[in-house]
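[1] Next comes the sequence, and after it the predicted model I'd like to discuss.
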Amino acid sequence: MRTHRGFTLIEVMVAMAVFAVAALAVLNATGQHVNTLGVLEEKTFASMVADNQLALFVLEGKVPSSEKNGSSEMAGRTWYWTIKPTTTADNALRAVDVIVWQDESKRGSLVSVRTYVPAN
């Protein structure tokens with residue numbers, strides 16, 4: 001009697017099915033990772049724009065008395081921002097919010113940063 005070595009067709013097909021499921025899971029995870037990186041990059045740049053605007057008015061030494069809108073260039077893109085001063089319960093401090101958008105229509109803000117400064 002001669003013994004045959006090798007795999008049966010069923011064993012090969014089961015192995016291929018397991019490999020296909022594992023490959024799809026890896027591709028799905030990679031796609032989600034790439035999408036997340038894009039969102040994180042946008043939020044990081046928007047955060048830098050907000051921090052720059054906060055630093056500018058702190059360096060000027062005066063808190064805006066009304067809402068101020070503008071745009072900034074960073075990383076080859078235009079970012080739109082709004083500075084909103086708000087009074088607080090403590091008259092010695094004012095809250096200042098900087099909100100950053102990627103499009104001029106100001107839908108879906110990317111970042112909102114709040115700081116407190118002495119009232120003038």
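    Nice, thanks for sending it over. Numbers count the residues shown, from 1 in each chain.
[2] Go ahead and confirm residue 78 touches residue 46.
    No - between residue 78 and residue 46 there is no contact under C-beta atoms under 8 Å: 11.8 Å. Every C-beta, even on glycine, is put in place using the N, C-alpha and C of the backbone.
[3] Who has more neighbours out of these two?
    Relative neighbour count places residue 46 above the other of residue 78 and residue 46, with 25 against 12, counting by other C-beta atoms under 10 Å.
[4] Report the contact partners of that one.
    Residue 46 makes contact with 79, 100, 102, 110, 111 under the criterion C-beta atoms under 8 Å, 6 or more residues apart in numbering.
[5] and the second one, helix, strand or coil?
    Secondary structure of residue 100, reduced to three states by DSSP: H, G, I helix; E, B strand; the rest coil: strand.
[6] And it, how close does it get to residue 52?
    According to C-beta to C-beta, to the nearest Å, residue 100 and residue 52 sit 10 Å apart.
[7] The two: which is more packed in?
    With other C-beta under 10 Å as the criterion, residue 100 and residue 52 differ in neighbour count, and residue 100 comes out ahead with 27 against 15.
[8] and residue 62, which of the three is it?
    coil.
[9] Next one: it from residue 82, what distance?
    Look at residue 62 and residue 82: by C-beta to C-beta, they are 17 Å apart.
[10] Could you check which of these two is surrounded by more residues?
    For residue 62 and residue 82, the more surrounded residue by other C-beta under 10 Å is residue 82, and the numbers stand at 17 against 9.
[11] phi, psi of that one?
    With angles defined as degrees, to the nearest 10, residue 82 sits at phi -130, psi 130.
[12] which residues does it contact?
    Contacts of residue 82 (C-beta under 8 Å, 6+ apart): 67, 68, 69, 97, 98, 99, 106.
[13] Before I go, just wanted to say thanks for your time.
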